[in-house]
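In: Have a look; sequence and predicted model below, questions after that.
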Amino acid sequence: MTDLKTTAGKIEDLHSKLAQARAPQGTQTAARQRVLSLLDADSFVETDALARHRSKDFGREHDRPYTDGVITGYGTVDGRKVCVYSLDATIFDGTLGEVTGEKIVKVYDLAIKTGVPLVGIVEAGAPRAQEGIVSLAFLGRIMQRATQASGLVPQITVSFGTVEFLPQALGDLTIVAQADGAPHAAESADAQSADTPGTLTAADPIACAKQVLGLLPSNNRAEAPRAAAPIMAGAIADNIREEDGVLNSLVDGGECDVEQIITTVAESTLRLSPGTALGRIEGRSVGLISVQEKLDPATARFIRLCDAFNIPLVTFVDAPELPHSPAQLAQVAHAYAAATVGKLTVVVRRALGSGYVVAGSKDLGADLAYAWPTAEIAVADATALAQTLGVDDASEFLTPYQAAERGLVDAVIEPATTRGYLIEGLRLLERKYVPTPPKKLSNIIL
């Protein structure tokens, strides 16, 4: 029997309690294993491991497990500090109680004060009915902290359950574990977009979260990690690679595979939705946007994510008149116009009507706009334009050269030089500074 009158006995008692907190049933829970798989080996520092609920209703004073159903703390991912919480479905079904809420609020405060990303790993998160409205109160407090952290530090939620934890919708990105046997299962950390903006699915959501963290800065004042990559030296024309040459014939068939352009110019990409991805060009993190037949619902939110964390935007345009309501178009236009990060746009084929204006045009604030010689920049397509102008052939109005004459694109470029122009533009825009007028906020259309 442990002698609690001695220091050695008290230390032994402490170790016993901590062991019980770490393995309530004798083995580590999935919630703890997920934390350890996210963080670098031996880097996890747990907080509030011995916290227990204080409720005495419904006979619960006899059922007070350590952690109260959430594991909190901090550690490193690829050597960078990260705060983390993980809801434990084996304790009270992973519901949110008073102490659970206190622990999550504390780790939010820690992330905000120290300027490090916060990763929440959830499997449930419904309010704990046995603790009444106090559980709702802490749900509100967590949402308040999530709002406070928005734009300050990256917030990523990894979801393994079917019940959505309400505060996750206030974060930057939710990565949902793909159901076993789901069609088109992604390999490893490869992700597929879900229906909700800011949400994607992945076969290995923990690995996907680590990829995302590697592309984002720790906070809004830090720089995103830069990966080792070949540095372009010399003139743009002297740096055309064999794979770049393929772009010169990409539009010849009348269609344009924008995804092939992106994979050619970027060293790596992580798709967040059908029209958005994070990637690297010359080792630096960039936000990659493709605008084709229609706007992806996640586009405006993605632009604001990149703007919040100083990640430059590169937009590729092959868009007709876009089939969206004015409110939907205005949402994306607002995000582009308000963004103060470096913005580069490449028109590869069509930029017609609203497809020209909304998709990162020079007039919306693009710093550098380029067009391929195959670009058609006009108010409408050839048929509509010919009918409106009363001419048989409107092809002379469907070129990039009128836009170039008026300074609406900065250069008409050979497709094979696209990567070189983007590298030079990104280098220049690293020093971009835009003073913003004094106002409380913009009334963005949500």
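Out: Perfect, I can see it now.
In: just for the protein, where's the confidence low?
Out: Counting by pLDDT under 70, the chain contains low-confidence residues at 1, 18, 20-21, 26-27, 56-64, 163, 180-197, 380-397, 445-446.
In: Give the closest residue to the residue nearest the centre of it in space, chain neighbours not counted.
Out: Within the chain, one residue has its C-alpha closest to the average C-alpha position: by Cα atoms, centre = their mean, that is L173, at 5.0 Å. The shortest distance from L173 to any non-neighbouring residue, by Cβ to Cβ, 6 or more residues apart in numbering, is to I156 (5.2 Å). (C-beta placed from N, C-alpha, C; glycine too.)
In: Can you tell me the element the one you found falls in?
Out: Following DSSP states H and E, the helix or strand that holds I156 is strand 155-159.
In: Are there helices or strands packed against that strand, and which ones?
Out: strand 118-122, strand 173-177, helix 205-215 (3 or more Cβ pairs under 8 Å, 6 or more residues apart in numbering; DSSP states H and E).
In: Pull the residues that contact the last one.
Out: Contacts to helix 205-215, defined as Cβ atoms under 8 Å, 6 or more residues apart in numbering, come from residues 34, 37-38, 77-78, 80, 82, 117, 119, 121, 154, 156, 158-160, 173, 175-178, 188-191, 200, 202, 224-225, 270, 278-280, 285, 311.
In: The residues you listed, buried ones only, as a PyMOL selection?
Out: The following PyMOL selection, which keeps only the buried ones among those, applies the criterion 16 or more other Cβ atoms under 10 Å:
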select buried, resi 34+38+77+80+82+117+119+121+154+156+158+159+160+173+175+176+177+178+189+190+191+200+202+224+225+270+278+279+280+285+311
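In: hey, where'd the helices end up in this structure?
Out: Read by DSSP state H, the chain holds these helices, from start to end of the chain: 7-22, 30-38, 98-114, 133-149, 205-215, 242-245, 258-265, 299-308, 326-338, 354-358, 382-389, 401-405, 418-429.
In: Surely Q168 is in contact with T157?
Out: Yes: shown here, Q168 and T157 form a contact pair, counting by Cβ atoms under 8 Å, at 3.8 Å.
In: Overlap in contacts, these two.
Out: When contacts are counted by Cβ under 8 Å, 6+ apart, Q168 and T157 are jointly contacted by G120, V122, T174.
In: which one of the residues you listed has the most neighbours?
Out: Ranked by neighbour count (other Cβ atoms under 10 Å), the shared contacts of Q168 and T157 have G120 at the top, with 27 neighbours.
In: Pull the contacting residues for it.
Out: Contact partners of G120, counting by Cβ under 8 Å, 6+ apart, are 84-87, 104, 155-158, 165, 167-168, 171.
In: Same check on A335?
Out: For A335, the residues meeting the contact criterion (Cβ under 8 Å, 6+ apart) are T299, A300, R301, I303, R304, D307, I444.
In: out of those residues, who's nearest N220?
Out: Proximity of these to N220, judged by Cβ to Cβ, is greatest for D307, which lies at 9.7 Å.
In: Could you report the neighbour count for that closest one?
Out: Applying the criterion other Cβ under 10 Å, we find 21 residues in the vicinity of D307.
In: partner residues bridging the residue nearest to L173?
Out: Beta-bridge partners for I156, by DSSP bridges, are V119, L173.
In: For it, give me its contacts.
Out: P117, L118, V119, G120, G171, D172, L173, T174, I175, A209, V212, L213.
In: Any idea how many residues pack against L36?
Out: A count of nearby residues for L36, using other Cβ under 10 Å, gives 17.
In: close enough to count as contact, it and E46?
Out: No: under the criterion of Cβ under 8 Å, L36 makes no contact with E46, lying 10.6 Å away.
In: Could you name every residue contacting both of these two?
Out: Common neighbours of L36 and E46 are not found (criterion: Cβ under 8 Å, 6+ apart).
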